[in-house]
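In: here is my input; please provide its structure:
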Amino acid sequence: MRKKAYVFFATGFEVTEAIGTTDVLRRGNVETVTVSMTGDRTVTGGHGIPVVTDALFEDIDLTDADALVLPGGGPMLNDYEDLKKAIVRHYEKGRLVAAICAAPLVLGGLGLLRGRRATCYPGFEQYLTGATVVEEATVKDGNIITGRGPGMVYAFGVAVVDYLMGAETADEVARKLLLKK
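Out: Numbering: from 1, shown residues only. The predicted structure is shown next:
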């Protein structure tokens, strides 16, 4: 059964993390929809790089989502109340929520990291309310996956593929990305 993930883009998003994660998920045969939070399908990421997304937030129905993915630029994603409500609903259904770099601060602010292990970009640890913060590339704890930063984007994407599609698919993607032999 094919799984579906939504990746959210806000102005200033971390391009490497958003595009890298989307690419890894698609390589893993996860149906991946990129979503603009800005009301315009073209979203300008960090360093002035514009990216055209697949959909606008107001036009999607997240009831078919298996995973919600927040790339870096998380402080901007934290401004969207409807997204945060969707994250909580998704989490409470036991579905995967994944965030990398600064984006785990959204999960921390929602109380979703209490009693869990998590990682984030250095300097954002204080926003992971209630979490045991670790310095690892990626951390999976229950239905939450967190990633440390841009240099770990492939490990993060593979962890999401592993969660959704299983170890065999994740290993195949990792080998094709030359992350494994």
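In: any idea what the residue sitting nearest the centre point of the chain is bridged to?
Out: In the chain, the centroid-proximal residue (CA atoms, centre = their mean) is residue 69; its distance is 2.6 Å. When bridges are taken as DSSP bridges, the partners of residue 69 come out as residue 7, residue 98.
In: tell me the contacts of it?
Out: 5-8, 21, 25, 98-99, 160 (CB atoms under 8 Å, 6 or more residues apart in numbering). Placement of C-beta: from N, CA and C, glycine included.
In: strands of this protein, residue ranges please.
Out: With strands called from DSSP state E, the chain shows them at 4-9, 31-36, 42-44, 50-52, 55-56, 67-70, 96-100, 117-118, 132-133, 138-141, 144-147.
In: how far away is the residue nearest to residue 43 when sequence neighbours are not counted from residue 168?
Out: Once flanking residues are discounted, residue 43 sits nearest to residue 9: 4.3 Å by CB to CB, 6 or more residues apart in numbering. Using CB to CB, to the nearest Å, residue 9 is found at 30 Å from residue 168.
In: give me the more crowded residue out of the two.
Out: Each of residue 9 and residue 168 has its neighbours counted (other CB atoms under 10 Å); residue 9 has more, 31 against 9.
In: shouldn't the more buried one be in contact with residue 46?
Out: No - here residue 9 does not reach residue 46: they are 11.1 Å apart, not a contact under CB atoms under 8 Å.
In: can you check the pLDDT for residue 74?
Out: Residue 74 is assigned a pLDDT of 65 by the prediction.
In: I'd like the numbering to begin with 10 instead of 1 from here.
Out: OK, 10 is where the count begins now, so the last one is residue 83.
In: residues touching the residue nearest to residue 52, list them.
Out: 27, 43-47, 52, 54, 60, 62, 80, 82.
In: can you rerun that using 10 Å?
Out: Going by CB atoms under 10 Å, 6 or more residues apart in numbering, residue 18 touches 24, 27-28, 31, 43-47, 50-54, 60-63, 66, 79-80, 82, 85-86.
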